[in-house]
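**Q** Please work out how this folds:
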Amino acid sequence: MKACRRGTITLLIAAMAAATGCSSSDSPREVWLDAIATTSKADSYTYSGSFTIHDIRLPQPAGDLSNRDAALIMALPILLKGAVIQVHGAVQKDPQRAELLLDATLGTGDVKLSMKLPILVTEDKIYMKVPQIPGVAVPAAVADRFIVIDAKKLAEEQGGGNVLDGEAPELVKGALTSFFGGLDDTYYSEPAAADVKNLPTGYEADRYVRVKTDESHSDALLKVIAENAIPKVVDLLLGNEAYMKSFGLTKEKLQASKNELSAAKLQEQYTIKALELTGGIKDDYVTFEAGKLQLDTGDANGMQVDIQFMLSQDAFNKKVSFEVELPKDAVPAEQWLP
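**A** Here you go, the predicted structure:
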């Protein structure tokens, strides 16, 4: 049952992520779908942006919890509410490398915590620097040092596929296209540049596209997620057994999750209070995105999310540089992870 639930959560997250994620057609909808496809084919690009968590409530897990887990569940919403996370980095396909540099300020009022977290990805390894967090015991051997996860070795040991083998972008692209493609033209508009707020200094786009809905369209959006985005993600996973194993999923789990995440069940459990996404398109690429998502379960013990985000992308198909060198003295993750 727990395994099935994990599969369900994986698919729901993938599908919901699509809701927050462009060409020469007159239709804003077609312009946006074409730009998503073009952007996904880029060989390289740089990006920068921010994520703000205005409010968050985590679902209360069933069953008894250890004191440590209970304390963590209580502390996380306090730290995450009001969090501002700045991100920037670069991505290239050949040789495969990505850099994600996070600068986070967590908490509000007297409870604040700042930390920097660089994450580096190559064809077969993930490097992450362990931050020193006040009040959190971190082994001296790894404090403020990089740890490395050997994805290729892990895949061989577990009999699955390498999670860094390039299939992840196809999952994201499939979910995005299925979600936005499932919305008809009534959800789309083309705002004038003067009506797009908080654009980066000096930014210009050829066209802007906006997708905007409110609570009155929640059931329709969840139906699109259940009938378009989730089946697309499931089909992509079913078509790649090695990648499916990397997520710890089986065909049986995927089919069960697909049935569990029906439109009726999603509509019963979740309400999309607001969803807004404004995209800027330059030379057929998505070069700017900004929006918000408000999601609620309607249950005092359930999940509630209110987030806002902005992301700029540039230097498509150009030579990109990376700020952080790949560490040569990284600590293997298996030496200290439980």
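
**Q** how distant is stretch 292-305 from the center of its chain?
**A** On the basis of Cα atoms, centre = their mean, to the nearest Å, stretch 292-305 sits 18 Å off its chain's mean C-alpha point.

**Q** same check, this time on stretch 226-244
**A** In terms of Cα atoms, centre = their mean, the centre of stretch 226-244 is found 17 Å from the chain centre.

**Q** Am I right that residue 201 is in a helix?
**A** No: under DSSP: H, G, I helix; E, B strand; the rest coil, residue 201 sits outside any helix and is assigned coil.

**Q** in the protein, which helix or strand is least confident?
**A** Lowest by mean pLDDT, DSSP states H and E among the helices and strands of the chain is helix 2-20, with a mean of 50.

**Q** residue ranges of the strands in the stretch 101-250 of the chain, please?
**A** Counting by DSSP state E, counting those that start in this stretch, residue ranges of the strands within the stretch 101-250 of the chain are 113-122, 125-129, 146-150, 188-189, 207-214.

**Q** avg pLDDT for the lengthiest strand in the chain?
**A** Using DSSP state E to define each element, the chain has its longest strand at strand 44-57. Averaging pLDDT along strand 44-57 gives 95.

**Q** In JSON lines: the strands of the stretch 101-250 of the chain, plus distance to residue 175 and mean pLDDT.
**A** C-beta coordinates here come from the backbone N, C-alpha and C atoms, glycine included. What follows is those, written out as JSON lines (distance: least, Cβ to Cβ, whole Å; pLDDT from 0 to 100):
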{"stretch": "strand 113-122", "distance to residue 175": "20", "mean pLDDT": "90"}
{"stretch": "strand 125-129", "distance to residue 175": "22", "mean pLDDT": "91"}
{"stretch": "strand 146-150", "distance to residue 175": "24", "mean pLDDT": "89"}
{"stretch": "strand 188-189", "distance to residue 175": "18", "mean pLDDT": "96"}
{"stretch": "strand 207-214", "distance to residue 175": "15", "mean pLDDT": "96"}
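
**Q** quick one, which of those strands is nearest to residue 260?
**A** Set against residue 260 and scored by Cβ to Cβ, the strands of the stretch 101-250 of the chain come closest in strand 207-214, at 24.3 Å.

**Q** which helices and strands sit right next to the closest one?
**A** Applying 3 or more Cβ pairs under 8 Å, 6 or more residues apart in numbering; DSSP states H and E, we find strand 207-214 packed against helix 28-40, strand 188-189, strand 271-282.

**Q** helices or strands up against the longest one?
**A** With contacts defined as 3+ Cβ pairs under 8 Å, 6+ apart, helix 28-40 has these neighbours: helix 168-181, strand 188-189, strand 207-214, strand 271-282, strand 285-296.

**Q** and residue 132, which of the ones you listed is closest to it?
**A** helix 168-181 (29.8 Å).
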